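Student: With the input below, show me the fold.
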Amino acid sequence: MTVTIKPGVASGKVAAPPSKSIAHRLLICAGMCEGESFIDGIADCEDVDATIDCLRALGAACERLADGRMRVIGCDMKKAMPSLPLPCRESGSSLRFFLPIALLSGHNVMLKGAKSLMHRPMEVYEKICGENGLLYIRDDDNIVVKGKLKSGNYTVIGNISSQFISGLLFALPNAYGDSTITIVPPIESRSYIALTLSALGKFGIDAGWQDDHTLYIKGNQKFKPCSTSVEGDYSNAAFFDALNIIGGNVEVTGLASESLQGDSVYKRYFELISKGTPAIHIGDCPDLGPVMFSLAAAKHGGVFSGTKRLKIKESDRCESMAEELRKFGVSVDIGDDTVSVYPVSFGTPTEVLSGHNDHRIVMSLAVLLTKVGGKISGAEAVSKSFPDFFEKLEGLGIEVEYD
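Tutor: Residues are numbered from 1 along each chain as shown. Model (predicted):
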C-alpha cells in the first residue's frame, strides 16, 4: 500500500494505543498459570497476535471477550507437547520470549517465523543450548529446540537485546532449583527487564535484582492467575507527540504518569531536539531512534549514540532512515554505534519514500510528511504494531490518500 500525506497542521486529541511490550509479558505470564486470568487493553496488532497464537500452540486458551478483555486459561508448560510450530511471524519478542519456555517440556518444539526474523541474532540461546546439551537447529524459516532447561547460573552480555534475559526470566521460575542471571555490563534496555519483573510480580513470581548485575530467580514456583490491564504505550505515543515539535497541537491521552517504560523519556529528548543540536544516547530506548532522527532532520540536527542495535531490527533502521532522509535533502552519517543528522536543505522529498517493511520507519516518515507532503510505499507495515495509525492521523486533521 502506498499512502499520500498532504501537508497540514495536526490538531486535536488522540489516545495512546496499549503497550505492546507490556501486553506480550502479561499474556505470557497468564498463559503459564494453571487457571483463568483476565487482561484489559490487549492491542489488536500482528506482534501481539503472534504471542497469542504461540500460547495457543502450547496449549493455553486465549479469548477476546465482548467487553474488550482477554480471557486466558493457562497450562503447565512443562507438559506442553505442541503438534504445530509456534508462529512467531515477525515478532522478535515472541521468538525470544518463547524459546526458553519451549525448553521446559523436554519435547521437540519448532518456532517458526519470517526470514527477516530468523536472521536476527539468537547466539545467546544457541550458546546456552550448546553448553547444556540441548538441541538447537536453525535455518531460514524456523528454529527447533529440544531438552529441559535446568536451573543454574547463566551469564548473558548486557549490550544486546534484553529480550534474551526476559525469556530466561519467564522460564526459570518453572525449573526445580534456584537460578541466577549474571549480566555482563553495560546493561542496555534495563527498563524492559523492569517491565518483565513487574509482570512476573503481578502473577506471584519471586524474581528480582540480587545486585546491580545479577538477577535471582527462585525455582519451582507456580504462576498465579490474576486480573490486570495494559497501560498506554509511550513508544507509539511518541509519533503523535512528535507532531507538536513540528508545529502541531496534539494532546496524547492514556499514558501513565508513573511508568516503567523506558520510552517515556521521549518528552525530555524531544525538548532537547526542539531547542538545539543535542547529543543523545538511545541505548536504553532504541525504538525511539527513527522518530528522533526525523525530528532532528526537521529541526537543527543531532548526534545519536547507542545505535548499533537499530541495525538488527525489522530493517537496518540506521541505513533505512539515512536513505529516506536524504530524499528530504538531509545529510546523515552512520558510524559503528552513532548516527549524525544534518538538515542541510530540508524540504519536500524528491521521490516516493520506502517503508522498508518496518512499522517504525513508516510512522517516522509520516510525521515529516505532515510538514512537507509526499508518498510512502509499503505503508501497510504499520499493522505490525499500530494498524489504525493512519486513521488516527486523519482524526487529527491530516489528509491521507491510499493507493
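
Student: ok, then the element right after the helix or strand that contains Leu26?
Tutor: Using DSSP states H and E, Leu26 sits within helix 20-31. Heading C-terminal from helix 20-31, the first helix or strand you meet, by DSSP H and E, is strand 36-40.

Student: So which other helices or strands are in contact with that following strand?
Tutor: helix 20-31, strand 69-73, strand 227-229 (3 or more C-beta pairs under 8 Å, 6 or more residues apart in numbering; DSSP states H and E). For glycine as for every other residue, the C-beta is placed from the backbone atoms N, C-alpha and C.

Student: Surely Tyr176 touches Asn220?
Tutor: Yes. Using C-beta atoms under 8 Å, Tyr176 is in contact with Asn220, at 5.4 Å.

Student: The helix holding Leu26 - what's its average pLDDT?
Tutor: Average pLDDT, helix 20-31: 98.

Student: Give me the angle between it and strand 69-73.
Tutor: For helix 20-31 against strand 69-73, the angle by axes from the mean of the first three to the mean of the last three C-alpha atoms, to 10 degrees is 40 degrees.

Student: The helices and strands packed on strand 36-40 into TSV, with extra columns for distance to Ala238?
Tutor: Below are the helices and strands packed on strand 36-40 laid out as TSV (distance: least, C-beta to C-beta, whole Å):
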stretch	distance to Ala238
helix 20-31	13
strand 69-73	25
strand 227-229	21
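
Student: Tell me which of the ones you listed is the most buried.
Tutor: The highest mean neighbour count among the helices and strands packed on strand 36-40, using mean count of other C-beta atoms under 10 Å, belongs to helix 20-31: a mean of 27.

Student: So which elements touch that helix?
Tutor: strand 36-40, helix 46-58, strand 69-73, helix 92-102, helix 163-171, helix 190-202, helix 234-245.

Student: Counting by contacts, list what the second one packs against.
Tutor: Contacts defined by 3+ C-beta pairs under 8 Å, 6+ apart place helix 46-58 against helix 20-31, strand 61-64, strand 86-89, helix 92-102.

Student: Can you check which of those gets nearest to Glu258?
Tutor: helix 20-31 (14.0 Å; C-beta to C-beta).

Student: That closest one: how far from the chain's middle?
Tutor: 12 Å (C-alpha atoms, centre = their mean, to the nearest Å).

Student: Please apply the same query to stretch 263-270.
Tutor: 16 Å.

Student: where does the stretch 51-200 of the chain have low pLDDT?
Tutor: Scanning the stretch 51-200 of the chain for pLDDT under 70 picks out no residues.

Student: quick revisit: between the helices and strands packed on helix 20-31, which one is nearest to His119?
Tutor: helix 92-102 (10.9 Å).

Student: quick one: that closest one to helix 46-58, angle?
Tutor: Going by the same axes, to 10 degrees, helix 92-102 makes 20 degrees with helix 46-58.

Student: immediately after helix 92-102, which helix or strand?
Tutor: Sequence order places strand 109-113 as the next helix or strand after helix 92-102, per DSSP H and E.

Student: Pairing partners for that following strand, with directions?
Tutor: Here strand 109-113 has these sheet partners by DSSP bridges: strand 86-89 (parallel), strand 142-146 (antiparallel).

Student: got the contact list for the longest one?
Tutor: For strand 142-146, contacts defined as C-beta atoms under 8 Å, 6 or more residues apart in numbering pick out 85, 95, 99, 102-103, 106-113, 118, 122, 129, 134-138.

Student: Could you pick out the buried ones from these?
Tutor: Neighbour counting by 16 or more other C-beta atoms under 10 Å classes 85, 95, 99, 102-103, 109-113, 118, 122, 129, 134, 136 among these as buried.

Student: now for these, which pair is the farthest apart?
Tutor: Longest span within the buried ones among the contacts of strand 142-146, C-beta to C-beta: Gly113 and Leu134, 19.6 Å.

Student: Going along the chain, name the strands of the stretch 151-300 of the chain.
Tutor: 153-157, 179-184, 207-211, 214-217, 227-229, 249-253, 279-281 (DSSP state E, counting those that start in this stretch).

Student: For the last one, which helices and strands make contact with it?
Tutor: For strand 279-281, the packing partners by 3+ C-beta pairs under 8 Å, 6+ apart come out as helix 266-275, strand 302-305.

Student: Report how many residues lie close to Val352.
Tutor: 13 (other C-beta atoms under 10 Å).

Student: How about Val14?
Tutor: 20.

Student: Can you tell me the closest non-neighbouring residue to Val109?
Tutor: Take Val109 and drop its neighbours on the chain: the residue closest to it by C-beta to C-beta, 6 or more residues apart in numbering is Ala102, 3.8 Å away.

Student: scratch that, Arg190 is what I was asking about
Tutor: Nearest to Arg190 is Asp284, by C-beta to C-beta, 6+ apart, at 6.5 Å.

Student: repeat for Ser264
Tutor: Tyr234 (4.6 Å).

Student: Quick one: residues contacting the one you found.
Tutor: 16, 19, 255, 259, 261, 263-264, 266.

Student: Most neighbours of all those residues, which one?
Tutor: Most crowded among those, counting by other C-beta under 10 Å, is Ser19 at 28 neighbours.

Student: Enumerate every residue touching that one.
Tutor: Applying C-beta under 8 Å, 6+ apart, the residues contacting Ser19 are 43, 230-235, 261.

Student: quick revisit: tell me which of the helices and strands packed on strand 279-281 is the most buried.
Tutor: Note that of the helices and strands packed on strand 279-281, strand 302-305 is the most buried (mean count of other C-beta under 10 Å), with a mean of 20.

Student: what sits up against it?
Tutor: By C-beta under 8 Å, 6+ apart, strand 302-305 touches 273, 277-283, 289, 292-293, 296, 337-341.

Student: where's that strand relative to the chain centroid, distance-wise?
Tutor: Centre to centre, stretch against its chain (C-alpha atoms, centre = their mean), the figure for strand 302-305 is 21 Å.

Student: just stretch 179-191 next, same as before
Tutor: Using C-alpha atoms, centre = their mean, the offset of stretch 179-191 from its chain centre is 18 Å.
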